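Novice: Sequence first, predicted coordinates after that:
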Amino acid sequence: MGHRRWLSTEHPFRKQSREFDGTIEYGVAPIPRSGEDILREVEGVNFIYGKARKRDKEELDEGSVELDVDEGCDLFNNFEELVVEGDEANLINQDETLWKKRSIFFDLPYWCYNLLRHNLDVMHIKKNVCDNVIGTLLNLSRGGKDNIKARNDLQDIGIRSYLHPKMRNGKKYLPQACCTLASKERDIFLSIVKNLKVPDGYASNISRCVNLKEHKLSNLKSHDSHILMQDLLPICLRGVVEKKVLSFITNLSDFFKRLCAKSLDPQELDQLQIQVILTLCEIEKIFPPSFFTIMFHLIIHLPMEAKLGGPVQYWWMYPIERYLIGLKASMRNRAYPKGSIAEGYIVSKCLTFCSRYFSDAEAIFSRPPRNDGNIQKRYIFSSGGRLVSTMDTKILDAKSLAQANRYVLLHSDKLSPYCQEFLESERAVYGGIQISKRTEDK
């Protein structure tokens, strides 16, 4: 919520209180802190490593000592912290309570001048956004954001009265929202996803994640969410959801697709920034406030991150995760994971080195691809590819065998000179007149 702050001051969305959170937006977008400002704020922060002792916790409960910011997140509080010492109350400077500790990276002499100090990972942001969207559309118990608590929030805020919990026959029920699919619509959507056919290597088998009986789409990997969010969701939801919901999903899909392009134009990223702000504001009109998790908010900062860091392929987590999978697979002794991974890495390098001296052996660097189109041997009928399943034996009858034999003879390049010689001999027999089609088929 609160994405209207990034709009221009004259934008009509700022005054539409009923469609949003019931307030008129007068705020402006926050100005990002520079590295020098952050370093100046954290200089006076004293952080004690380790967990608080039991004695300190008991003293804190009695209120005899000041509050110790020893646990929690980096942004401890956005407000002024009250410190209790007996009967007196003192206020700590707001900037000092914003930070838990001084990052060790500030020991580097250039760190306060680095514009991209902590880049946002596009892979995990897209994964969480996709889980939010799919969980809310399918109204899942885990991952769905449209539940009784979300409806109570709407009632407390005083907006969208048509979605407030209502009583019927002495029981509370939730009216159907446009951001969730009915049972029949869920069946259509999940059936489309389950029966999708995509090119080999484009995506994993997403149909294994579909449970038609329970109306679930679960156990999605990061790359599955990448494919669904960028390409498949707008297609699978066409004709299933309302047009305004489909419009926001299409805009979000287009945003991620343009952001993840191999080459980026800084001017196009400025337009992308404006587009994603409008898209998030449109989402606020449709989805409940609980839909906007921190990951969903981070979308608004991705264009600026891309302007500083370049194409996302150079700083997202896909290559790191793939490399870590290989390291985890080499671990044999869970009691000593680091040593086991190190030994497995050395063994892998030794095997790769030795395999280069065996020309006939199939190694990692000489293994043919899954869809190999190269023709290794020259047969009468040369064809590329290789078997990917078990061989099936079939016995032909006399008629089928004759048809197969004739097909082979008539379609072989090696036998075409003999066929031409036969036709010339037949023309000589009939005095050069045109021979019949039946004679050619012989």
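Specialist: Yep, it's here.
Novice: Without its sequence neighbours, what residue ends up closest to Thr352?
Specialist: Ile364 (6.4 Å; C-beta to C-beta, 6 or more residues apart in numbering). To be clear about C-beta, it is placed using only N, CA and C from the backbone, and glycine gets the same treatment.
Novice: Ok, Gly35 next?
Specialist: Cys112 (3.6 Å).
Novice: residue ranges with poor pLDDT in the stretch 201-350 of the chain?
Specialist: Within the stretch 201-350 of the chain, no range satisfies pLDDT under 70.
Novice: That one: strands as residue ranges?
Specialist: Along the stretch 201-350 of the chain, counting by DSSP state E, counting those that start in this stretch, strands occupy 210-211, 216-217.
Novice: and the first one, which strands flank it?
Specialist: What that stands for is strand 210-211. strand 216-217 (antiparallel) (DSSP bridges).
Novice: So in the protein, which helix runs the longest?
Specialist: Assignment by DSSP state H gives helix 266-286 as the longest helix of the chain.
Novice: Touching that helix from outside, list them.
Specialist: Residues outside helix 266-286 that contact it (C-beta atoms under 8 Å, 6 or more residues apart in numbering): 1, 3-4, 6-7, 13, 19-21, 178-179, 244-245, 247-248, 251-252, 254-255, 258-259, 291-292, 296, 299-300, 302-304, 306-307.
Novice: try it again with 7 Å
Specialist: Contacting residues not belonging to helix 266-286 are listed as 1, 3-4, 6-7, 13, 19-20, 178-179, 244-245, 248, 251-252, 255, 258-259, 299-300, 303, 306-307 [C-beta atoms under 7 Å, 6 or more residues apart in numbering].
Novice: mind saving the C-alpha coords of that helix as PDB?
Specialist: Extracted in PDB, the C-alpha atoms of helix 266-286 (Å, rounded to 0.1, in the frame of the first residue of the first chain):
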ATOM      1  CA  PRO A 266      18.000   3.600 -19.800                       C
ATOM      2  CA  GLN A 267      15.200   5.600 -21.300                       C
ATOM      3  CA  GLU A 268      13.000   2.500 -21.600                       C
ATOM      4  CA  LEU A 269      13.800   1.800 -17.900                       C
ATOM      5  CA  ASP A 270      12.400   5.200 -17.000                       C
ATOM      6  CA  GLN A 271       9.200   4.400 -18.800                       C
ATOM      7  CA  LEU A 272       9.200   1.000 -17.100                       C
ATOM      8  CA  GLN A 273       9.400   2.800 -13.700                       C
ATOM      9  CA  ILE A 274       6.300   4.800 -14.500                       C
ATOM     10  CA  GLN A 275       4.500   1.700 -15.800                       C
ATOM     11  CA  VAL A 276       5.100  -0.300 -12.700                       C
ATOM     12  CA  ILE A 277       4.000   2.500 -10.400                       C
ATOM     13  CA  LEU A 278       0.600   2.700 -12.200                       C
ATOM     14  CA  THR A 279       0.400  -1.100 -12.200                       C
ATOM     15  CA  LEU A 280       0.900  -1.200  -8.400                       C
ATOM     16  CA  CYS A 281      -1.700   1.500  -7.900                       C
ATOM     17  CA  GLU A 282      -4.200  -0.500 -10.000                       C
ATOM     18  CA  ILE A 283      -3.500  -3.500  -7.900                       C
ATOM     19  CA  GLU A 284      -4.300  -1.600  -4.800                       C
ATOM     20  CA  LYS A 285      -7.800  -1.000  -6.200                       C
ATOM     21  CA  ILE A 286      -8.500  -4.800  -6.600                       C
END
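Novice: and it, which residues are buried?
Specialist: For helix 266-286, burial by neighbour count (16 or more other C-beta atoms under 10 Å) applies to 269, 272-273, 275-284, 286.
Novice: Could you export those as JSON lines, including distance to Ser330?
Specialist: Below are the buried residues of helix 266-286 laid out as JSON lines (distance: C-beta to C-beta, whole Å):
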{"residue": "Leu269", "distance to Ser330": "40"}
{"residue": "Leu272", "distance to Ser330": "40"}
{"residue": "Gln273", "distance to Ser330": "42"}
{"residue": "Gln275", "distance to Ser330": "44"}
{"residue": "Val276", "distance to Ser330": "40"}
{"residue": "Ile277", "distance to Ser330": "45"}
{"residue": "Leu278", "distance to Ser330": "47"}
{"residue": "Thr279", "distance to Ser330": "43"}
{"residue": "Leu280", "distance to Ser330": "42"}
{"residue": "Cys281", "distance to Ser330": "48"}
{"residue": "Glu282", "distance to Ser330": "47"}
{"residue": "Ile283", "distance to Ser330": "43"}
{"residue": "Glu284", "distance to Ser330": "47"}
{"residue": "Ile286", "distance to Ser330": "47"}
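Novice: Tally up the residues packed near His102, please.
Specialist: One thing to correct before we go on: residue 102 is Arg, not His. 17 (other C-beta atoms under 10 Å).
Novice: I'm done for today, thanks for sticking with me.
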